[in-house]
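**Q** Test case, fold it:
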Amino acid sequence: MKNFSYAHPTEIQFGCGKFNELGKIATRFGKRCLLVTVKPFPEMEPIFKKAKALLEAEGIQVAHFDGVEPNPTTEVISKGAKLAREHKAEMVIGLGGGSSMDSAKAIAVEATHEGSCWDYLFFKTPPTVKTLPIIAVTTTSGTGSEVTQVAVITKTDEHCKSALYNSILFPRVAIVDPELSMTIPPQGTSPTGFDAFTHAFEAYLHPNASPYTDILAIEAMRLVVHNLPIAIKDGKNIEARSAMAWASTLGGLSIANAGVTLPHGMGMAISGIWPNIAHGQSLAIVYPSFTRFTYESAIDRFATMARIFDPSLNAVDNKTAAQKSCELIDNFLKDINLWIGLKDFGATEDQLSELATASMVLPDYKSNPRVATKEEMFKIAKECYQR
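**A** Residues are numbered from 1 along each chain as shown. Coordinates of the predicted model:
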């Protein structure tokens, strides 16, 4: 058995009704908080109001920053950090999907450090213990940000999407209440749910995978395969929603200790160039080409993934099962309405060279079982253009 280490500092509060404990949990970190969300809309406004009420009932003074946008930008983070400083916030609570939780992490850094959050990317100066404590309350099932040390941010003028990555960014507490995800429509459930699958599978493929993360990743994949189609068709199915919430958490735990591979680096580049493409959608765009490019370099692992989709493949050899995985992923994407290409979002063919170059900026592609050359990355980009 290979040597490995596993560490995770986030306290996980999981289950229906756990949201009701937000106020009591927050009292551990002070009496002044910045609540970070997207702008209120009918499905989420009651949740935002309840969060404020729960906090205020415990004597916590709340400033609400509701300026989060999908693929949050450095400008968004600076506005939130300014409010946190003015409010003298002692903690930051990210309530929502990955964009809200990532924004909360980046705000917790910028509010307490010189410069902007962009100065503290994973390859730059690391943030310090001055970073405000973070509580993550997830309302979607997919990003895993509630249990990771990552905050993904976009710098619009550079067409660049990158990340802060440091253990100081682990939320102190993650509240994972499946009831909060029951109002997410199918078009939101599908890409976030597929994101959970990709976290698990890429952690399973990663060189830093361990016997510990393998257990988490395999279970996460199983849960997504069996429950995401149900959650898309029946958003009120609490069993499917609970399974997806747990799958998202397991995926986050997996990548926090292993990592991601080529699709995530490429997906980050896609959303950096085309901000109208959500993260889960970018991964769906990449996966059909990624599986065919990679499976022969990780036969056993792709075979395991294929057998989660189709247990009858236990009767065939690993190579046959691994090859079949490509078709199974295609079919799954079609089933969950994510059979999409870059052209569907207004991309043009003359932008594919830029995408190939940008896909090799983040180091994720180097952790893929087969490492793409520049020419191979351009070929993958071309294959992503139209489905």
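**Q** Find me whatever residue is spatially closest to residue 362, sequence neighbours aside.
**A** residue 265 (4.2 Å; CB to CB, 6 or more residues apart in numbering). C-beta coordinates here come from the backbone N, C-alpha and C atoms, glycine included.
**Q** was I right about that neighbour contacting residue 371?
**A** No: between residue 265 and residue 371 there is no contact under CB atoms under 8 Å: 11.2 Å.
**Q** Let me see the ranges of the strands in the chain.
**A** Along the chain, counting by DSSP state E, strands occupy 11-14, 32-38, 61-68, 91-96, 134-138, 150-155, 160-165, 173-176.
**Q** in its sheet, what does the third one sit against?
**A** Put plainly, it is strand 61-68. Strand 61-68 sits in its sheet next to strand 32-38 (parallel), going by DSSP bridges.
**Q** picking up where we left off before, give the burial count for the residue nearest to residue 362, as a bare number.
**A** Using other CB atoms under 10 Å, residue 265 is surrounded by 24 other residues.
**Q** going forward can the numbers begin at 30, since that is how I track them
**A** Fine by me, first position is 30 from now on; the one you just mentioned is residue 294.
**Q** List the contacts of it.
**A** Listed by CB atoms under 8 Å, 6 or more residues apart in numbering, the contact set of residue 294 reads 388-394.
**Q** pLDDT wise, what is the nearest residue to residue 184 once chain neighbours are set aside at?
**A** Excluding the flanking residues, the one nearest residue 184 by CB to CB, 6+ apart is residue 103, at 5.3 Å. Looking at residue 103, its pLDDT stands at 97.
**Q** wait, what's in contact with residue 103?
**A** The neighbours of residue 103, taking CB under 8 Å, 6+ apart as the test, are 145-147, 182-185.
**Q** Switch the strands of the chain over to a markdown table; also include distance to residue 362 and mean neighbour count.
**A** Formatted as a markdown table, the strands of the chain follow (distance: least, CB to CB, whole Å; neighbours: other CB atoms under 10 Å):
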| stretch | distance to residue 362 | mean neighbour count |
| --- | --- | --- |
| strand 40-43 | 28 | 16 |
| strand 61-67 | 26 | 25 |
| strand 90-97 | 27 | 19 |
| strand 120-125 | 25 | 28 |
| strand 163-167 | 23 | 29 |
| strand 179-184 | 22 | 24 |
| strand 189-194 | 22 | 22 |
| strand 202-205 | 26 | 24 |
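**Q** Take those and lay them out in CSV including distance to residue 224 and mean pLDDT.
**A** Shown next, in CSV, are these (distance: least, CB to CB, whole Å; pLDDT from 0 to 100):
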stretch, distance to residue 224, mean pLDDT
strand 40-43, 19, 98
strand 61-67, 17, 98
strand 90-97, 17, 98
strand 120-125, 15, 98
strand 163-167, 12, 98
strand 179-184, 12, 95
strand 189-194, 15, 94
strand 202-205, 15, 98
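**Q** and residue 50, which of those is closest to it?
**A** Closest to residue 50 of the strands of the chain is strand 40-43 (CB to CB; 6.3 Å).
**Q** Can you list the neighbours in contact with the closest one?
**A** 50, 54, 176, 201-206, 274-275, 278.
**Q** make it 7 Å
**A** Residues outside strand 40-43 that contact it (CB atoms under 7 Å, 6 or more residues apart in numbering): 50, 176, 201-205, 275, 278.
**Q** from these, which two are the most distant?
**A** Among the contacts of strand 40-43, 201 and 275 lie farthest apart (CB to CB), at 20.4 Å.
**Q** higher neighbour count, those two?
**A** The neighbour comparison of residue 201 against residue 275 (other CB under 10 Å) goes to residue 275, with 20 against 17.
**Q** ok, the nearest residue to residue 49 once chain neighbours are set aside - how many residues close by?
**A** Once flanking residues are discounted, residue 49 sits nearest to residue 83: 6.8 Å by CB to CB, 6+ apart. Residue 83 sits with 19 neighbouring residues when counted by other CB under 10 Å.
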